[in-house]
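1. this one's sequence-less:
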């Protein structure tokens, strides 16, 4: 395979994943057929199986791509220069609210949208979700440890337990936002987060 051909194949695969992520973030996994994704992407149906062995394999690859991007953004937020770790963490929760819109999240709310649905449908997709969410929680744990060490925040439990509880709090808030169709649950989650993370003046 030539380098040009390999680049073309990578570009097509990426385009299919990007298109599927955008559509499935709005409609879910089961409700979206391959024909809809491929038609929107402008890719012949016969080409799909050159890149993915099945819809399930496509779903796992899509989630892996989603978490790669998510974790890269999280790393950037938590390493922003000139800020204390407490402010970086609060910036993360603010970005969460902005990206998990109940109107149109543009594929950024994929884990919230698909988590409960696909965990019972596909073990490979469940494991990808587990690995991705574990990556988020581990980064939040390190951030909390750093914040405590620098004196910008204090917590009343082990950093790992607090990180897990905070992530679960915000996932739950994201689901409730979709149910009630307003941002009230995010306001409650932010208030609770500020009570859990005691920031230094």
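-> Looks like it arrived, so ask away. Since the structure is predicted, the reported quantities are computational estimates derived from the model, not experimental observations.

2. buried residues in the longest helix seen in the chain?
-> For the chain, the helix that runs over the most residues, judged by DSSP state H, is helix 123-150. The neighbour-count check on helix 123-150 (16 or more other C-beta atoms under 10 Å) flags 125-126, 128-129, 132-133, 135-137, 139-141, 143-148 as buried. To be clear about C-beta, it is placed using only N, CA and C from the backbone, and glycine gets the same treatment.

3. try stretch 22-30
-> 22-25, 29.

4. over to stretch 169-187?
-> 169-171, 173-177, 183, 185-186.

5. quick revisit: tell me the one of the buried residues of stretch 22-30 nearest residue 199?
-> residue 25 (32.3 Å; C-beta to C-beta).

6. wait, that closest one sits on residue 110?
-> Yes: assessed by C-beta atoms under 8 Å, residue 25 is found in contact with residue 110 at 5.0 Å.

7. element containing the nearest residue to residue 169 once chain neighbours are set aside, please.
-> In this structure, residue 169 finds its nearest non-sequential neighbour in residue 189, 5.4 Å apart by C-beta to C-beta, 6 or more residues apart in numbering. Using DSSP states H and E, residue 189 falls within helix 184-196.

8. now residue 15
-> Here residue 15 sits within helix 3-27, counting by DSSP H and E.

9. any stretches of this structure with poor pLDDT?
-> For the chain, applying pLDDT under 70 flags the ranges 1-9, 101-108.

10. and the helix holding residue 189, what does it pack onto?
-> helix 85-99, helix 159-180 (3 or more C-beta pairs under 8 Å, 6 or more residues apart in numbering; DSSP states H and E).

11. check which element follows that helix along the chain.
-> Moving toward the C-terminus from helix 184-196, the next helix or strand (DSSP H and E) is strand 198-199.

12. report all helices and strands that that following strand contacts.
-> The elements that strand 198-199 packs onto, with contact taken as 3+ C-beta pairs under 8 Å, 6+ apart, are strand 153-154.

13. strand partners of the strand it packs on, parallel vs antiparallel please.
-> The pairing partners recorded for strand 153-154 under DSSP bridges are strand 198-199 (antiparallel).

14. run the chain-centre distance for the strand it pairs with.
-> 26 Å (C-alpha atoms, centre = their mean, to the nearest Å).

15. residues making contact with that strand?
-> 86, 90, 152-155 (C-beta atoms under 8 Å, 6 or more residues apart in numbering).

16. again with stretch 27-43
-> Here stretch 27-43 has contacts from 12, 15-16, 19-20, 23-24, 44-45, 47-48, 55, 58-59, 113-114, 117-118, 121, 125, using C-beta under 8 Å, 6+ apart.

17. what is the end-to-end distance of it?
-> 20 Å (C-alpha to C-alpha, to the nearest Å).

18. how about stretch 25-34?
-> OK, stretch 25-34 end separation, C-alpha to C-alpha: 15 Å.
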